[in-house]
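**Q** Return atomic coordinates for the entry below.
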Amino acid sequence: MDRRLRLATGLAATVAVGSAAVLISGAAGVGGPDTVLSGQRTAELTAHTQAREALTERLAAGADLVGESRRIAAEQAAAAEAARVAAEQAAAEEAARVAAERAAEARAAAEQAAAQEAAAQAAPAAPAPAQAPSPAPAPPPPPAPAPPPPPAPDADHDGHHHGDRDRDRDRDRDGRDGGRSGPDGGWDGGWGGWDGGWGR
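**A** Next comes the predicted model:
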C-alpha cells in the first residue's frame with residue numbers, strides 16, 4: 001500500500017511539472033494554432049492532474065484505513081492477552097484456595113484424632129466384664145438301696161429258715177391235715193411245722 005501511494009504521488013508531481021512547462025511554452029509563443037493546441041493540452045493535463053490528485057487522496061485514505069485496521073487488531077490482541085493473563089491468575093487463585101481448604105480440613109482432622117487419643121488415655125480402664133457363674137455340680141446319684149437283711153438264724157436247727165413272712169403266711173393257712181402250723185410256721189401251705197407238731 002505504501003509503494004502504491006509513492007507511485008501515485010510521483011506521477012502527480014510529474015504531471016504538474018509537465019503542465020507548467022506547457023504553460024510556459026504557450027505563453028512564450030505567438031498566437032495561432034499552436035497556441036490553441038497548447039491551451040487544449042493544458043486543459044487536458046489539468047484534468048489529468050486533478051484526477052491523479054483525487055486518486056492520491058483515495059490512496060491516502062486507504063492507507064489510513066489500513067492503519068486503523070492494524071490498530072484495531074493490535075488492540076484486540078492486547079485485550080485477548082490481558083484476558084488470558086487474568087484467567088490464568090484466577091485459576092491460580094482458585095487452586096490456592098482449594099489447597100488451603102484441604103490443608104485446614106486435614107489439620108482439623110488430625111487435631112480431633114489427637115484429642116480423642118488423649119481422652120482415651122486419660123479415662124480409667126474399664127473393669128473386666130463379670131464372668132458368668134459356673135454351673136452347679138450335678139447332685140450325686142441316690143445311694144443304692146440297702147441289701148435285704150440276712151435271714152434269721154434257724155432256732156430249731158432243722159435246716160429251714162423261716163422268716164416273718166413265712167410265719168405271717170402260715171398264720172392264715174392250715175396244713176393239709178387241717179391243723180395250724182407249728183410255732184415256727186412249718187411248711188408253707190403244707191403240713192404243720194415238723195418241729196411244732198401236728199396242727200392243732
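**Q** quick one, domains of this protein?
**A** Partitioning the chain according to automatic domain parsing yields domains covering residues 2-120, 163-194.
**Q** Any idea which of those has the lowest pLDDT on average?
**A** Looking at those, the lowest mean pLDDT belongs to domain 163-194 (a mean of 49).
**Q** Does anything pack onto the longest helix along the chain? Which helices or strands?
**A** Identified as the longest helix of the chain according to DSSP state H is helix 33-122. Packing partners of helix 33-122 (3 or more C-beta pairs under 8 Å, 6 or more residues apart in numbering; DSSP states H and E): helix 2-28. To be clear about C-beta, it is placed using only N, CA and C from the backbone, and glycine gets the same treatment.
**Q** Can you classify Pro137 as helix, strand or coil?
**A** coil (DSSP: H, G, I helix; E, B strand; the rest coil).
**Q** so how far is Ala123 from it?
**A** Distance from Pro137 to Ala123, counting by C-beta to C-beta, to the nearest Å: 40 Å.
**Q** likewise Ala73?
**A** 75 Å.
**Q** give me phi/psi at Pro137?
**A** Per-residue torsions, Pro137: phi -60, psi 150 (degrees, to the nearest 10).
**Q** ok, it - contacts?
**A** By C-beta atoms under 8 Å, 6 or more residues apart in numbering, the contact list for Pro137 is empty.
**Q** Measure how buried Ala63 is and give me the count.
**A** Counted by other C-beta atoms under 10 Å, the residues lying close to Ala63 total 14.
**Q** now Ala136
**A** Using other C-beta under 10 Å, Ala136 has 6 other residues around it.
**Q** Give me the local confidence score for it.
**A** What the model reports as pLDDT for Ala136 is 70.
**Q** give the contact list for it.
**A** By C-beta under 8 Å, 6+ apart, Ala136 has no neighbours at all.
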